[in-house]
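> Attaching a predicted model along with its sequence, questions to come.
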Amino acid sequence: MSNQTKSKHLAIAVAALCCVSFSGMAWSAPQKQKKEATIGEKLLALSEGAAGIYINGKWGFVDAAGKLLIEPIFSAVKSFHDGFAPVKLANKWGLVDKNGRYAVTPGFTEGMGEYSEGMVAIRQNGMWGYINGKGAVVIPPQFDEAHKFSEGKASVCLRDRCGFIDKTGRFVINPRFAGAGSFVKKIAPVKSDSDWGYIRENGSWAIDPKFDSATSFSDGLAVVMYDTKWGIIDRDGRFVVNPKFDNCRQFSGKLAAAQQNGLWGYIDRKGNFAIVPAFSSASDFSSDGFALVEKDGESFFIRANGKRVEGVLAKKAAAELAAESRHLNPVKAETARLDVKVVDDSLPQDTMQGKWKPVIVNE
């Protein structure tokens, strides 16, 4: 037999052996290993693609998939707004961008609010003022309370009265309310001596005060408390969903967190539960479609369809879940106010000519 013939026979034999060897085996693609979740002790709600996470005694930032964006080196952090987040390092507050670079070097020891519209509230010597995104003082500390800017105005309080200032520190609505939220679409929730209503930019009432509590409007609807229950009103102050929830947060997109029988879920704009109550706490949905919830001792993110995001979790939620609360909690001080510019407006003071009840729809 020639060498060529022997080689041909050998190749045929090897091929046959391979066929026999693999005939009883099913081929399967290699399994992709599941990424382990990033685990922390505490977790903040997601905002602008980043969430504060507390790991081994320090705060940093992760994305919804659990990727570490900024290393945990801070003693405290707040959420990102307009590209910047307040952080606390060595007992001093500053601002960082999403790359972890300082826009404002930590130097404020007493407190810092949320960055918004190029301004952030800071506390010095027991009073609140504002700096810009480069750390320069724009409005000297002079207020007992100061909140973030929205539509060019911020609510501030002097002793027990609140009003609205512009970015020069000038009062555009004099401090005559017991409480005040933020302007959204030219309407802001404010509290008279006893009840919450809504005012226009000129300080006149858009919706008379009649609610136990009130949140800012979102796409034409606002969540309010009336007679100990929460419902939904339109911009005319008319209930589109009757008060029936134990607690509720303002709408974020198409959904709002609502509590019933001790558990939180999410309602749609008609007041129906789109995500059934199953959580011990729940945040608003972020602009990129994630909400922080807590269940069975774990906090994690969910999407608007209610499905859990597996990338990150924590043992305890640290989200600020109080709707329209005075989150800065400043210490009252009796020091002199600097450069407080109060306008002489001709608007009437809060006078109630009989409290009227909101229209209740029949469901």
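Received the coordinates, thanks. Residues are numbered from 1 along each chain as shown.
> any idea how far G163 lies from V293?
Distance, G163 to V293, by C-beta to C-beta, to the nearest Å: 36 Å. C-betas here are computed from N, CA, C, even on glycine.
> got it, and R170?
42 Å.
> I139 now?
37 Å.
> E41 now?
17 Å.
> do the same with R101
31 Å.
> So for the two, which sits in the more crowded spot?
Counted by other C-beta atoms under 10 Å, R101 and V293 do not tie: V293 has more neighbours, with 26 against 9.
> Does the more buried one touch I302 like I think?
Yes. V293 is within contact range of I302, at 5.6 Å (criterion: C-beta atoms under 8 Å).
> contacting residues for S116?
Taking C-beta atoms under 8 Å, 6 or more residues apart in numbering as the criterion, S116 is in contact with H81, D82, K148, F149, S150.
> Q124 too?
Q124 neighbours (C-beta under 8 Å, 6+ apart): F108, E110, P141.
> OK, contacts around A90?
S75, P106.
> For this protein, which helix or strand comes out least confident on mean pLDDT?
helix 3-23 (a mean of 47; mean pLDDT, DSSP states H and E).
> Show the subsequent helix or strand relative to that one.
strand 38-43 (DSSP states H and E).
> Go through that next one and flag the buried ones.
By 16 or more other C-beta atoms under 10 Å, the buried positions in strand 38-43 come out as T38, G40, K42, L43.
> Check stretch 198-216 too.
For stretch 198-216, a neighbour-count test (16+ other C-beta under 10 Å) marks 198-199, 201, 203, 205-216 as buried.
> ditto for stretch 59-74
So, applying 16+ other C-beta under 10 Å, buried residues of stretch 59-74: W59, G60, F61, V62, D63, A64, G66, L69, I70, P72, F74.
> and which of the residues you listed is nearest R235?
Each of the buried residues of stretch 59-74 was checked against R235 using C-beta to C-beta; the closest is A64, at 32.7 Å.
> where does this protein dip in pLDDT?
Scanning the chain for pLDDT under 70 picks out the ranges 1-35, 316-363.
> And the longest strand anywhere in it, how far out from the chain middle?
Determined from DSSP state E, the single longest strand within the chain is strand 308-317. Relative to its parent chain, strand 308-317 has a centroid offset of 17 Å by C-alpha atoms, centre = their mean, to the nearest Å.
> 43 is where my numbering starts, stick with that
Okay, using 43 as the starting number, the last item reads as strand 350-359.
> How about residues contacting that strand?
In contact with strand 350-359 (C-beta under 8 Å, 6+ apart) are residues 77, 79-85, 93, 95-96, 104-109, 323, 325, 332, 334-336, 339-345.
> repeat that for 7 Å
Contact with strand 350-359 is made by 79-85, 95, 104, 106-108, 323, 332, 334, 336, 339-345, as judged by C-beta atoms under 7 Å, 6 or more residues apart in numbering.
> For that strand, which strands pair with it and how are they oriented?
Paired strands of strand 350-359, with direction, are strand 80-85 (parallel), strand 340-345 (antiparallel) (DSSP bridges).
> For N167, which of these is the nearest?
Closest to N167 of the strands paired with strand 350-359, according to C-beta to C-beta: strand 80-85, at 30.4 Å.
> So what are the sheet partners of the helix or strand following the closest one and their directions?
Using DSSP H and E, the helix or strand that follows strand 80-85 in sequence is strand 93-97. Sheet pairing of strand 93-97 (DSSP bridges) gives strand 80-85 (antiparallel), strand 100-104 (antiparallel).
> Now for the nearest residue to I95 once chain neighbours are set aside: which residues touch it?
In this structure, I95 finds its nearest non-sequential neighbour in G82, 4.2 Å apart by C-beta to C-beta, 6 or more residues apart in numbering. Applying C-beta under 7 Å, 6+ apart to G82 gives the contacts I95, Y96, I97, A356.
> Also G304?
G304 neighbours (C-beta under 7 Å, 6+ apart): none.
> Quick check: the gap between it and E336.
According to C-beta to C-beta, G304 and E336 sit 13 Å apart.
> got the contact list for stretch 259-268?
226-227, 229, 253-258, 272-277, 282, 285, 290-294, 298, 311, 400.
> Can I get it as PDB, trimmed to CA atoms?
Only the C-alpha atoms of stretch 259-268 are listed here, as PDB (Å, rounded to 0.1, in the frame of the first residue of the first chain):
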ATOM      1  CA  PHE A 259     -46.800  70.200  40.600                       C
ATOM      2  CA  SER A 260     -45.500  67.800  38.000                       C
ATOM      3  CA  ASP A 261     -47.000  67.700  34.500                       C
ATOM      4  CA  GLY A 262     -50.200  69.400  35.700                       C
ATOM      5  CA  LEU A 263     -50.800  67.300  38.800                       C
ATOM      6  CA  ALA A 264     -49.800  67.600  42.500                       C
ATOM      7  CA  VAL A 265     -50.100  65.300  45.500                       C
ATOM      8  CA  VAL A 266     -51.700  66.800  48.600                       C
ATOM      9  CA  MET A 267     -53.000  65.800  52.000                       C
ATOM     10  CA  TYR A 268     -56.600  66.600  52.900                       C
END
